[in-house]
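Trainee: Sequence and predicted structure below; questions after.
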Amino acid sequence: MIDKHISSIVSGMALGSAGVMMMSVLSGCEAPQEKQQNRYLVIEQQANGKYIVVEEMPTEGPNRAIIREKDAQGNTQERFMNEEEMKALASQEYKKVENGTSETTQSGSGGMGLGGTILAVAAGSLLGNMIGNSLMNNKNFSKRASSVNKSAYSRSASAKRASKSSSKKSFFGGNSRSSSYGSRSYGG
């Protein structure tokens, strides 16, 4: 009799645990994905014909950019690029990434083409988080992406990420990067 009672309690606990686990899995699937912050960019053409981001600001509105390029006489011309144009260029460059022909995944320095620059800086907000995250997991892409963005906003955001990761506390309250434990013997 007691064995039946214990058995029913144990099976009820297993069903309850399975139910809780299933609910947490299902609720995790329904959680909204965090949307990348849209950006307002100023992209400048360099003497070598490549582009770099010189200004970047988060924006509540759509992604947009001002493109500064030199004309045949060497005068700087500015043109506006809306989000649809940016998405089209980023999509074309992403197809090159998939084919292995994009300069965003090749080693090199000195900027990239306009499509590569836009993809490097705004992939997540233009093409979605999954694509942005997969690109940033590529070491060559992330290195090229950081080299093409010369804006103060990018440097500030990088510094904040670096300080967050370096200020994690250890279990005993000290900074985990500066904590060192030597071998000591006590008593004995």
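Mentor: Nice, I can see it.
Trainee: Could you report the distance from the nearest residue to L127 once chain neighbours are set aside to I118?
Mentor: Nearest non-adjacent residue to L127, counting by Cβ to Cβ, 6 or more residues apart in numbering: A90, 5.7 Å away. Using the backbone N, CA and C atoms, a C-beta is placed for each residue, glycine as well. Note on A90: its distance to I118, by Cβ to Cβ, to the nearest Å, is 5 Å.
Trainee: more neighbours, these two?
Mentor: In terms of neighbours (other Cβ atoms under 10 Å), I118 is the more surrounded of A90 and I118; the figures are 30 against 24.
Trainee: what about the strands in the protein?
Mentor: With DSSP state E as the criterion, the chain has strands at 38-45, 51-59, 64-70, 76-81.
Trainee: Just send those strands back as TSV, with distance to S147 and mean pLDDT too.
Mentor: Below are the strands of the chain laid out as TSV (distance: least, Cβ to Cβ, whole Å; pLDDT from 0 to 100):
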stretch	distance to S147	mean pLDDT
strand 38-45	14	93
strand 51-59	8	91
strand 64-70	18	95
strand 76-81	21	96
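Trainee: Relative to N99, which of those is closest?
Mentor: In terms of Cβ to Cβ, the element of the strands of the chain nearest to N99 is strand 51-59, at 21.0 Å.
Trainee: Using neighbour counts, pick out the buried residues of the closest one.
Mentor: By neighbour count on 16 or more other Cβ atoms under 10 Å, the buried set for strand 51-59 is Y51, I52, V53, E55, E56.
Trainee: Am I right that the first one is in contact with M112?
Mentor: The reference is to Y51. Yes: between Y51 and M112 a contact is recorded at 6.5 Å, counting by Cβ atoms under 8 Å.
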